[in-house]
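Participant: Sharing a sequence plus its predicted fold:
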Amino acid sequence: MSGNLTSRRRAQPSLNALRAFEATARLGRVGLAAQELNVTHGAVSRQVRLLEESLGVDLFTGPKHDQRLTRDGAALAERLSEGFEIIEGALAALSGAGAPLLVACHPSVAAKWLIPRLPSFTRAHPEVRLSLLDLAPGEVTARAAKASIRMMAGEVEPELVSIPFVKNHVGLVCAPALAEGLDAVRLGEAPRLVSETRHAAFEEWAALGGRALAPREPIRFGHLHIMIDAALAGLGVAVAPFALVADDMARGRLVAPFGFVAAPGDFALIRSRRARDPGLKALEAWLVSEGARMPSPPMDALANAAD
């Protein structure tokens with residue numbers, strides 16, 4: 001008997017092709033996979049196409065702008081995700097430390113809600129090395145992040161799941177000195193503070209609460225947490241989510257003269273439906289638990305009366 005026995009074996013797909021497909025399936029878009037893998041959009045598409053040709057099956061179906069996993073694609077993606085997590089875990093164990101859990105978060109949510117509460121998570125889960133990345137405005141996911149934390153209204157991609165952990169309520173807040181005698185007339189005269197990400201906050205708050213509010217040019221800040229700091233300094237009145245000002249209100253540093261009203265955009269963790277990272281599961285459970293511990297906001301009497 002002669003010849004190379006291995007030559008009769010079916011050629012195995014390249015690791016690059018498997019990685020490109022797994023990232024595309026997990027993140028839902030070729031562009032996001034390209035960002036995570038630090039390659040071009042075309043390179044990812046080419047590797048996925050080569051993988052389909054090598055296997056002789058279709059892994060995606062539908063038009064290019066709205067592709068969905070086939071049954072074969074979903075089954076392969078699930079097993080590949082498990083396999084890559086095993087590889088990452090083995091490499092982390094060899095180095096003597098677990099890989100960091102990368103989570104993207106809006107800077108204001110991180111500064112005003114998440115970071116002040118993180119010590120309780122690290123005490124409960126010392127084995128999880130959590131590392132936070134900035135999540136850009138308007139983005140739902142970020143390159144290399146296992147999950148993201150943000151205010152989320154509406155549906156997410158079918159490949160993702162959104163786990164809400166705090167209901168959103170918004171209200172007008174200010175330093176206690178500015179709240180004295182604040183009524184509809186004085187409210188119209190008070191300096192208004194807004195963030196670039198929510199520049200129509202006053203109009204939205206007025207509509208939700210059934211109030212009439214005359215137009216007025218606001219003072220703009222780059223982020224919600226900077227706007228809240230400006231309100232703390234007494235620079236004016238601001239419309240902010242209760243979750244981001246609850247701690248300052250509990251300390252008496254901010255007040256909400258008109259209370260709060262329910263608003264779209266609950267605080268949520270967004271992750272892949274196939275995520276199996278135990279650290280991510282621990283973070284998800286902790287967020288839900290911390291959210292349940294949040295106090296109820298004082299509600300807007302006018303809005304309730306309108307209901």
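Facilitator: Perfect, thanks for sending it.
Participant: what about Val44, neighbour count?
Facilitator: The local packing of Val44 (other CB atoms under 10 Å) involves 26 other residues. (C-beta placed from N, C-alpha, C; glycine too.)
Participant: That one belongs to a helix, doesn't it?
Facilitator: Yes - counting by DSSP: H, G, I helix; E, B strand; the rest coil, Val44 falls inside a helix.
Participant: Quick check: the gap between Ser120 and Ile86.
Facilitator: According to CB to CB, to the nearest Å, Ser120 stands 30 Å off from Ile86.
Participant: out of the two, which sits in the busier spot?
Facilitator: Neighbour comparison, Ser120 and Ile86: the larger count goes to Ser120, with 13 against 10 (by other CB under 10 Å).
Participant: secondary structure class for the more buried one?
Facilitator: Going by three-state DSSP: Ser120 is helix.
Participant: I'd guessed it sits against Glu290; true?
Facilitator: Yes - using CB atoms under 8 Å, Ser120 is in contact with Glu290, at 7.4 Å.
Participant: can you map out the strands along the chain?
Facilitator: 60-61, 68-69, 101-105, 130-134, 147-152, 160-166, 169-173, 192-195, 219-221, 237-241, 260-262, 266-272 (DSSP state E).
Participant: any weak-confidence spans in the stretch 1-150 of the chain?
Facilitator: Scanning the stretch 1-150 of the chain for pLDDT under 70 picks out 1-11, 88-98.
Participant: could you pull out the helices for it?
Facilitator: Taking DSSP state H, counting those that start in this stretch to define them, one finds helices in the stretch 1-150 of the chain at 15-27, 30-37, 41-55, 71-95, 107-109, 115-124.
Participant: Relative to Arg192, which of those is closest?
Facilitator: Arg192 lies closest to helix 107-109 among those, at 17.8 Å (CB to CB).
Participant: spatially speaking, which residue is in the middle of the chain?
Facilitator: Ile149 (2.7 Å; CA atoms, centre = their mean).
Participant: Please name the nearest non-neighbouring residue to that residue.
Facilitator: Leaving out its chain neighbours, the residue that sits closest to Ile149 by CB to CB, 6 or more residues apart in numbering is Cys105, at 4.3 Å.
Participant: Could you do Val128 as well?
Facilitator: Gly279 is the one closest to Val128 (CB to CB, 6+ apart), at 4.0 Å.
Participant: Over to Ala214?
Facilitator: Counting by CB to CB, 6+ apart, the residue nearest Ala214 is Gly188, at 5.3 Å.
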